[in-house]
Every structure is written in C-alpha cells, then in structure tokens.
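In: Show me the folded form of this:
(chains A, B, C, D, E and F)
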4 protein chains.
Amino acid sequence: MFDNYNKVQQAVLETTLGLIIEKELQATSMSLIAKKSGISTGSIYHYFESKEDIINELYKGIVTFNGHKVLDGIYTDEPIRNRLERAWRNLITLSLEYPQGFQFIEQYSFSPYIKDEVKQAVYEGGWCHPLEKLYAEAVQQKLFADMDPKFMVQMHYGSIVYVVKSALNHYLTISDEVIEGLIASCWQSVSL
Amino acid sequence: MFDNYNKVQQAVLETTLGLIIEKELQATSMSLIAKKSGISTGSIYHYFESKEDIINELYKGIVTFNGHKVLDGIYTDEPIRNRLERAWRNLITLSLEYPQGFQFIEQYSFSPYIKDEVKQAVYEGGWCHPLEKLYAEAVQQKLFADMDPKFMVQMHYGSIVYVVKSALNHYLTISDEVIEGLIASCWQSVSL
Amino acid sequence: MFDNYNKVQQAVLETTLGLIIEKELQATSMSLIAKKSGISTGSIYHYFESKEDIINELYKGIVTFNGHKVLDGIYTDEPIRNRLERAWRNLITLSLEYPQGFQFIEQYSFSPYIKDEVKQAVYEGGWCHPLEKLYAEAVQQKLFADMDPKFMVQMHYGSIVYVVKSALNHYLTISDEVIEGLIASCWQSVSL
Amino acid sequence: MFDNYNKVQQAVLETTLGLIIEKELQATSMSLIAKKSGISTGSIYHYFESKEDIINELYKGIVTFNGHKVLDGIYTDEPIRNRLERAWRNLITLSLEYPQGFQFIEQYSFSPYIKDEVKQAVYEGGWCHPLEKLYAEAVQQKLFADMDPKFMVQMHYGSIVYVVKSALNHYLTISDEVIEGLIASCWQSVSL
DNA sequence: GATGAATGAGCTTTCATTCAT
DNA sequence: GATGAATGAAAGCTCATTCAT
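Out: Take a look at the predicted model:
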C-alpha cells in the first residue's frame, strides 16, 4: 500500500494504520508502534520527524493509493457512462477491500492533526480532479444537468461512502444488487 | 443544544465540543475543559464519570438534538415529497447552523472511544427510522424504486453530508441553488 | 466497641475500622466512609477534626476497649498465676473475637499517622501497666526470674500476638490445646 | 540490601523504604521517590510496573535479605541449642541493625497492598521453614515439649519482635543482658 | 544506521476539606 | 446541626522525544 516508502517506513505506516483503526489515535503510542512493527523508536524517529509526521504521511499514502485504484481504467475511449461507473465501482471495491484505509480517511479528514496542506491532497492531488473532468464532459454532452462538477462528485462520493460505512458498521448488507442500485442511482440523480 | 442536562453539564458539554473541534480529542485535556468552562475538574467528575463519559454524552446529546431538528415538521398530512424534502432541508440547515455538532458526529461516529451501545443511538434512536418509514411509504406509492429504505436513507444522507463537508472545508460554496439541486438530485436518484 | 462516643461518632469509627482492614488506609476515603456510614462528610467534619483525627480516635478507642477486656477479672484475690493466665486468655479471646481491632493496632502502632502522644496510650493508658504490676508481684514472690516486668510483658504479648496473627493468616490453626500450650509456655519461660 | 536488583532498582527500593518508614506509605508519592532517588518517574516505571510493584519487591527483597541473615551459621554440626540460639541472636542483631526493614515487614505484612502470593514468601521462602526443622529436631531429641514446630517458631519470633519493637519505640532499653534473658526465656519456655 | 533507556511535562483522576444552603 | 456540591492540589502514571552507546 505504501510503495513510495522504504521497508522501515512501510512497516511503520502499516502498523500505525492497523493500530489507529483498532485502538484510536490517542491510544496508539510510539512505543506501541515500535513494539508491533519491530522497529525501535530511535529508528522511527530517524525516518519520521514526529508522530504527527507519521499520521500525515499515512494520510498522503492512503490518498495516493486510493487515487490510483479509483482511476484505474477510466482513461479509455469508451463512453463516459462506462468510465464513470467503473470509477465508482473501483471506489466501492477499494473501500470494501481496504477498509482500514477507507476508515482512516473518513475519520481523520476533518482532524486538525492532519495539516491543511496535506488535506488539500485529498481534493486536489487525489482522484477528485480527474473525476470532475469526466463530469464536466458529461455535462457538455448533455448527459448530466448543468451543475458544478465538483458538487456532483462530492454528492456521489458521499452516497457511496455512507453505503459502505453502513455496511462496515453492519447496518446494511452489501450485495451485487445493492452496488448496481447505488451506481444506477448516482447516474440517474443528475441525468437529464 | 443540551437541554436534558443541568447547567454545569451543559457548560462542560459545550466547552468540550468547541475544544474537540478546534484542537482534536487528544489535545482536549480535562484541565483545559475545566479552565475554559469555569468548572473545576472535581466538579466535572461529580457530574461525569470520566472523560470517555463526557464524549459519549456529547455524542448522545448531539444525536438527540439533531434528530429533533431533522424531524421537525415531517409529521403532517402533506404529500410525501414535501415532507421528505423538508427533512433533508432541515438536515442541511442544521449542519450549516451547528457545524461543530455536525463535524463531531462525522469525526467520531467511527471512533472506538464512543461505546457501541451509544453508537446504536445514531441509527436507532435518531432520525433514521422515521425517515426510513417515509421512504417505505414512497416505495409503496410507487414514487420510488423498490429498494431497501435503509439503503436509500444512507445514500441520500451521504450526499448531503459530503456536500456540507466540502462547504465547511471551503472546497465548495453552498448557495440556495446548490441546496435545491441537491434536494432535487436526491429525489430524482431513486424516482420511478 | 466505642462506648465513649455518640452515635454518629460510633458509626463513623466502626465504618472506618471495617474499611481500613478491608481495603487499607489509603483506599479508605472520606467519601467512602460517608457513604458506608450514612453520615454526610459535612457531619463527619462536625464531629472529627480531620481524617487523621478519626484514625487517632479509632486507635484510642480500640486500645481502651482492649484494655478493659484484657484486665477483666484480674483484680481478685486469687493467686497471681490464675490472674495472669486469665489476662492472657482474655487477650487471646479478644483478638480472635475482634480481629479487626487487633489487626488495626498491629498494623498502625508503628505508623507516623498515629500521633506519638496517642501511641503512648497503648503502653501507658492500656493494660500494660497493670500487667507489669502483676509481673512485679510475681518477681517479688520469687515465682519469676528477676527481670524487668516491662520486658516480660512485651515478650509474652509478642508470643500471643504472633500466634494469633498466624492463625488469622491461616498459617496456624488455633485449638484449645494450642491456647493452653501458649499460656503454659509464657509462664514457664520466666519461671524460676 | 537489594543485591538481586540493578543500580536503578536498588536506588528506588532503598529510597522508598526510607520514605515509607519516615512518612508512611500514603505520603510516599512517586514524585517524592523520584526526587529523592534521583531517578525520573519515567525510569522508575521502566523498571517497576507500578507503585504497588515497588512495595511488593521491597517486601520480597527485605524478606530474602533477612532470611539469609537469620540463617547464617545454623547449618553446622554443633548441638541444636547453639544453632537455634545463634539464629535468634541473628534475628535480634539484624532487627537492630536494619530497623527500617524490620519495621516495614512489621507494618505491612498485614497490608492488602502486599499481594497474597508475595506474603507467602515470608512464611515459606523465608527463614521459617528451616527454623521449624530445627525445632522438630529438638522435639525429637526430647529437648522440647511435643508441640507443633510452626507454633513454637511463631511464638518465639513474636517474643523477639515485641522486645525489639519496644526498644525501637523507646519503651525498653536493650542491653546484652536483656538479649541473653530473651534467648534464655525462649529456650526455657518449651524445654522439657 | 540502529537501539532503547532515560526524561519530565502533562495526562486523567481522586480526595480531604469547605461552606452555602 | 446536617447536607453534599464544589474545590484544586496532588496523586499515579504515560508517552513523545532524545541521545549515549
């Protein structure tokens, strides 16, 4: 999941992610990360500036990883609908396959612990912009109503996030049928 | 916002909410809450069992408050569409007027710090069930496609949450037009 | 056990004794005493100056009570041996019947928490002096070796205390036979 | 006194012992131990699990130390009387030379703060068993009356403890003569 | 580069005591 | 005389971070 980092950093980031999801940020101490990852605190501080730095790198790493997964296969010459639906399907699959990363982003995208400059990455360096372009195209092709693509992306992203969240919280059960309904509803919600 | 609590508890809950949103849970120490609320730590512990207890009461209080606000004016004999759209409009207004409560629920509904029994309140004691009933009616009246009301509520809730979130993060700007578009999209997304 | 005190004081002293033996002095808080005794903290402070005062009164009260019990029936015109053995038997019975008072004195007679002036009560206001007089008589009657009565009292008191202590700690089992052996050994240890 | 421990642990244990005797357990705070021992609280918690752990290790350490001192020179082929009297003399010397350890055991051997498993050490890992064997031999050799060796050990231990205690409390003065009288009385008390 | 013992500020929580009612 | 809410200093303990080895 953290391909841009060296082995030590990967071990730290993966261990930290697991601990934060399992126990909460405040219960995830450096010494616990050290013990679970097998890296001494001294070494952790050699590769990361601080605990805050680890969390922020984690955030960046997950957003980057998610971006690649979501955008996988959307730069084709197929019709927009196929490509857009593929993106949303990618997002659903990703969230269910990597629930820790999904939960982490959900839980900490509002947190003051994540620096504002890093947060921008979610919106600007992530998959938002490419998707917004797809929406803009759909508007141009008169497929979608003339609304701000940014707005539509957030709206649909929210739909998906909450259905997945409910599934992870065991409030809903996700089936193929549900996924199809979700994707169809997204499309229909803004169709002309 | 916390009408069921006495004055001391209200002061503590309101102060805590403000601090958590401003600084993060882990940076919100009891002594800071005491100093800012003007209640001594001893008194805080007279009214709350622990820090965890404060956070959980905060959660419960906000969910209850939000529930009343969202459901305000939906038990009329108007057509379903009016009542459902009123509920969503209530939610949007509420989230923009009380952004701290909104952010808190968003950030901590996944947190292990909130006890599972308290989390259930969100789904079961909150506004979800009444809204699900409205959706079930709409399905029966052939207004909506035959999908699980729980699923539809979550989907639409997610749409609204993410649009509001983007606005609070200054990624989007919300106008009346945006709100109308959002509500219309929700309705259209599952309409037959 | 605390006949010289009023009802409120008695309730406080008895509750405190029970709690200290069960939980330790440091785990016996004023609020716990208040809750268990049914007396409010305010009232406790009306009748006692401080927590330290309660403990010291407790000490005095137990020592006084024990003194009466031990000396019961020794001011007769029977031979010294009968009277002395009766005193020791009284002590054994007392310790087994009121183990909490016994333990408390054992545990706290060294404690800096008990004021020095109060501690003197054990030696001087308690049963030590009367017993020392009996020993002095026994020395005079050439029953006992010519040793300091104070020394002999402490020596025999120690014997009894440790046998009782071992019984309370379940290291020894006390039977009538054991008690007879103990008393006989005390007598024999200093006999001429 | 605490040879099995490293330097930091020794400093902590010795400082703690001194403070507890001087001020009482509840007045001996971790920060006071840290300040007086020159070890930071963090380090103390690196070497001990908790305050309770320190106290229990203290207890174990003293009991072990005392055991060696008391049993020193009793495994010879001299007559029993010499060896037994040497043991008691060792105990008296020890208690007067290391009064803090002596007082600590006296004061806290009843305390719930000391775990039951640790308390057993006093009776079973300490010097009691070896001494009980000596007594059993003395019984077999018809030197002593046929009584439970455990009982006799406790009885004599109590005699010594209380004479020493009285001396430390300045109620008695200990001289060589007193010590001789004490040892002789112990022997005589159960002699046939 | 790697280690983990050492630090001490700061955490949550308790508790003896006071005092308005 | 009785109450118990209120106080805040101080308790035991944790933990991000440093640095000698």
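In: Just the buried positions in stretch A:56-69, please.
Out: A:56-67, A:69 (16 or more other C-beta atoms under 10 Å in any protein chain shown). Placement of C-beta: from N, CA and C, glycine included.
In: if we look at it, which residues are touching it?
Out: A:1-5, A:9, A:13, A:16-17, A:20, A:48, A:90-91, A:93-94, A:98, A:101-102, A:104-105, A:108, A:114-115, A:118-119, A:121-122, A:125-127 (C-beta atoms under 8 Å, 6 or more residues apart in numbering or on different chains).
In: Show me how to select, in PyMOL, the buried members of those residues.
Out: Here is the PyMOL command that selects the buried residues among those (16+ other C-beta under 10 Å):
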select buried, chain A and resi 1+2+5+9+13+16+17+20+48+90+91+94+98+101+102+104+105+108+114+118+119+121+122+126+127
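In: In helices, which of the contacts of stretch A:56-69 appear?
Out: A:9, A:13, A:16-17, A:20, A:90-91, A:93-94, A:101-102, A:104-105, A:108, A:118-119 (DSSP state H).
In: filter those by proximity to chain B?
Out: Restricting the ones in helices among the contacts of stretch A:56-69 to those within reach of chain B (C-beta under 8 Å from any C-beta of the partner chain) leaves A:108, A:119.
In: From the ones in helices among the contacts of stretch A:56-69, pick the one nearest chain C.
Out: Nearest to chain C out of the ones in helices among the contacts of stretch A:56-69 is residue A:20 (C-beta to the nearest C-beta; 35.9 Å).
In: Now that closest one. Nearest residue, chain neighbours left out?
Out: Excluding the flanking residues, the one nearest residue A:20 by C-beta to C-beta, 6 or more residues apart in numbering or on different chains is residue A:28, at 5.1 Å.
In: And that neighbour, how far from residue A:51?
Out: 9 Å (C-beta to C-beta, to the nearest Å).
In: Have a look at the two and say which one is more surrounded.
Out: More crowded of residue A:28 and residue A:51, by other C-beta atoms under 10 Å in any protein chain shown: residue A:28, with 21 against 17.
In: got a list of what the more buried one touches?
Out: With C-beta under 8 Å, 6+ apart, residue A:28 has these contacts: A:16, A:19, A:20.
In: quick one: the second one and DNA strand F, what's the gap?
Out: Taking C-beta to the nearest atom of the strand, to the nearest Å as the criterion, residue A:19 is separated from DNA strand F by 11 Å.
In: Tell me how many other residues surround residue A:116.
Out: Neighbours of residue A:116 (other C-beta under 10 Å): 8.
In: again, but for residue A:70
Out: 25.
In: avg pLDDT for the helix or strand hosting it?
Out: Counting by DSSP states H and E, the element that carries residue A:70 is helix A:51-71. For helix A:51-71, the mean per-residue pLDDT is 94.
In: And it, how far out from the chain middle?
Out: 8 Å (C-alpha atoms, centre = their mean, to the nearest Å).
In: Stretch A:146-154 now?
Out: Per C-alpha atoms, centre = their mean, the centroid offset for stretch A:146-154 relative to its chain is 19 Å.
In: now swap in stretch A:81-94 and tell me
Out: 13 Å.
In: tell me which residues in that stretch are buried?
Out: Neighbour-count burial for stretch A:81-94 [16+ other C-beta under 10 Å]: A:83, A:84, A:85, A:86, A:87, A:88, A:89, A:90, A:91, A:92, A:94.
In: Can you tell me how far residue A:164 is from chain C?
Out: From residue A:164 over to chain C the distance is 48 Å, taken as C-beta to the nearest C-beta, to the nearest Å.
In: these two touch, right, that residue and residue A:105?
Out: No. With contacts counted by C-beta atoms under 8 Å, residue A:164 stays clear of residue A:105, the gap being 11.5 Å.
In: Averaging pLDDT per element, find the lowest-scoring helix or strand in chain A.
Out: Least confident helix or strand of chain A, by mean pLDDT, DSSP states H and E, is helix A:116-120 with a mean of 86.
In: Got the domain ranges for chain A?
Out: Annotated domains of chain A cover A:1-48, A:59-190 [automatic domain parsing].
In: low-confidence ranges in chain A?
Out: Chain A contains no residues with pLDDT under 70.
In: Quickly note the distance from the residue of chain A found nearest chain D to residue D:9.
Out: Nearest residue of chain A to chain D (C-beta to the nearest C-beta) works out as residue A:31 at 10.7 Å. As judged by C-beta to C-beta, residue A:31 and residue D:9 stand 20 Å apart.
In: Show the contacting residues for residue A:44.
Out: Here residue A:44 is in contact with A:12, A:30, A:33, A:34, A:37, A:54 (C-beta under 8 Å, 6+ apart).
In: who wins for neighbours among the residues you listed?
Out: residue A:12 (27 neighbours).
In: quick one: contacts for it?
Out: Shown in contact with residue A:12 (C-beta under 8 Å, 6+ apart): A:33, A:37, A:39, A:44, A:47, A:48, A:54.
In: what does residue A:70 give?
Out: Taking C-beta under 8 Å, 6+ apart as the test, what residue A:70 contacts is A:87, A:90, A:91, A:94, A:127, A:131.
In: Dihedrals phi and psi, the nearest residue to it once chain neighbours are set aside?
Out: Leaving aside its sequence neighbours, residue A:70 sits nearest to residue A:127 (C-beta to C-beta, 6+ apart; 4.2 Å). Torsion angles at residue A:127 (phi, psi; degrees, to the nearest 10) stand at phi -90, psi 0.
In: and residue A:190, what are its phi and psi?
Out: Here residue A:190 shows phi and psi, under degrees, to the nearest 10, equal to phi -120, psi 10.
In: Which residue, other than its chain neighbours, is closest to it?
Out: residue A:144 (4.7 Å).
In: What's the local residue count around whatever residue of chain A ends up closest to chain C?
Out: Nearest residue of chain A to chain C, counting by C-beta to the nearest C-beta: residue A:27, 27.3 Å away. Residue A:27: 13 surrounding residues under other C-beta under 10 Å.
In: looking at chain A, which residue ends up farthest from its center?
Out: residue A:42 (30.5 Å; C-alpha atoms, centre = their mean).
In: what's the host helix or strand of the residue of chain A closest to chain D in contact with?
Out: Under the criterion of DSSP H and E, residue A:31 resides in helix A:30-37. Outside helix A:30-37, the residues that touch it by C-beta under 8 Å, 6+ apart are A:11-12, A:14-16, A:18-19, A:39-41, A:44, A:51, A:54.
In: And the furthest pair within those residues?
Out: For the contacts of helix A:30-37, the farthest-apart pair by C-beta to C-beta is A:18 and A:40; their separation is 18.6 Å.
In: The closest residue to residue A:56 other than its chain neighbours: what's it in contact with?
Out: Computed as C-beta to C-beta, 6+ apart, the closest residue to residue A:56 that is not its neighbour in sequence is residue A:118, at 4.9 Å. Shown in contact with residue A:118 (C-beta under 8 Å, 6+ apart): A:56, A:59, A:60.
In: Could you check how far the last one is from residue A:51?
Out: Okay, so that is residue A:60. 15 Å.
In: swap in residue A:110?
Out: 19 Å.
In: Residue A:139 now?
Out: From residue A:139 over to residue A:51 (counting by C-beta to C-beta), the distance is 44 Å.
In: Up against DNA strand E, what does chain A have?
Out: Neighbours of DNA strand E within chain A, by C-beta under 7 Å from any atom of the strand: A:8, A:39, A:40, A:41, A:42, A:43, A:45, A:46, A:47.
In: who's in contact with the third one?
Out: Under the criterion of C-beta under 8 Å, 6+ apart, the contact list for residue A:40 reads residue A:34.
In: mind running it again at 10 Å?
Out: Contacts for residue A:40 (C-beta atoms under 10 Å, 6 or more residues apart in numbering or on different chains) come out as A:31, A:34, A:46.
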